[in-house]
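Participant: give me a model of this one.
(chains A and B)
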Amino acid sequence: MSIWEYANPRKFMATSGALLPWVSGLAAVVLSVSLIWGFFFTPDDYRQGSTVKIIFLHVPAAIMATSVWFMMLVTSLIWIIRRHHVSVLAAKAAAPVGMVFALIGLFTGAVWGQPMWGTWWEWDPRLTAFLILFLFYLGYMALWEAVENPDAAADLTSVLCLVGTVFAVISRYALLFWNQGLHQGASLSLDAEENVADVFAYPLWTAIAGFFLLFVALVLYRTRTEIRARRLKALLQRERMA
Amino acid sequence: MPDLGAYAVEVLSAYAVTLLLLAALVVASIWKARRVLRQLREAEARREASK
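Facilitator: Coordinates of the predicted model:
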């Protein structure tokens, strides 16, 4: 069996329809457990006090905001190279999810940064690139709505996605490129000298898994809607031409 | 409810806004899916009727 079989809308609808209840249920359980665990059952940090609880929102949302863009990059490239509609519709379906994750990352970062760093915002490379990535999400969604022809919209948004990837990469890896800014190095890396304590790491990994599962569930659900919307558009066009 | 000390506003607002945004995303996704499905069924019914 080839992965390209799922480029067939019928195959995708059948498979996603079977998977969706399980993925959605798992996402709800894992996300709920992680946030309840993080909020109610973790201690205060000796330096950050109770604000450390924001880590269970901020880190998963920020990781997912950049990861969603990378997923959109892959599906957009598949569209550009192989012209599979399901692929580009998955990118379209993912964009609002990534945008909301980016917005959560920006908001929770600001309310966490103010008491810890003494500022809501800093124009350092990582934060600036992340803000630009958020604006790219808005631009990507607006472009889909602005172009009437679906294939032309898919082409243009795919190119926009390629360009925006620069900011996703800078945002994710800015600390490796420039040794400046407010963020510290990776706290969950396997080879880091100083990792976050286990009492925070376990609920944090669970929260990352919860956000990831929520993303998968929403993208499956929203891609199904986009496939139906495409079919609806074709039917309405036929009605007008009849 | 854990004692959030001096940072209660920051922590609670972070959780409240996150949950609100995620709930809005889920509701908007469901709302759009239902609207598109209803319109698609109507269009397919018209197509069948016109055959």
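Participant: hmm, the helix or strand hosting A:Ala91 in reach of chain B?
Facilitator: Using DSSP states H and E, A:Ala91 maps to helix A:85-117. Yes. Judged by C-beta under 8 Å from any C-beta of the partner chain, helix A:85-117 comes into contact with chain B at A:96-97, A:100, A:103-104, A:107-108, A:111-112, A:114-115. Heads up, the C-betas are built off the backbone N, CA and C, glycines and all.
Participant: tell me which helix or strand comes right after that helix.
Facilitator: In N-to-C order, the element after helix A:85-117 by DSSP H and E is helix A:125-146.
Participant: so what touches that next one?
Facilitator: A:62, A:65-66, A:69, A:72, A:92, A:95-96, A:98-99, A:102-103, A:105-106, A:109, A:121, A:153, A:156-157, A:160-161, A:163-164, A:167-168, A:170-171, A:174-175, A:177-178, A:180-183 (C-beta atoms under 8 Å, 6 or more residues apart in numbering or on different chains).
Participant: same thing but at 6 Å, please
Facilitator: A:92, A:95, A:98-99, A:102, A:153, A:156-157, A:160, A:164, A:167-168, A:170-171, A:174, A:178, A:181, A:183 (C-beta atoms under 6 Å, 6 or more residues apart in numbering or on different chains).
Participant: please spell out the PyMOL selection for the buried subset of those residues.
Facilitator: In PyMOL syntax, the buried subset of the contacts of helix A:125-146 is picked out as below (16 or more other C-beta atoms under 10 Å in any protein chain shown):
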select buried, chain A and resi 92+95+98+99+102+153+156+157+160+164+167+168+170+171+174+183
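Participant: per-residue pLDDT, residue 46?
Facilitator: Let's take chain A. Looking at A:Tyr46, its pLDDT is 88.
Participant: try again with chain B
Facilitator: 93.
Participant: does it lie in a helix or a strand, and which?
Facilitator: Using DSSP H and E, B:Arg46 falls within helix B:8-50.
Participant: what does chain A put close to chain B?
Facilitator: A:40, A:49-51, A:53-54, A:57, A:100, A:104, A:107-108, A:111, A:115, A:221-222, A:225, A:228-229, A:232, A:235 (C-beta under 6 Å from any C-beta of the partner chain).
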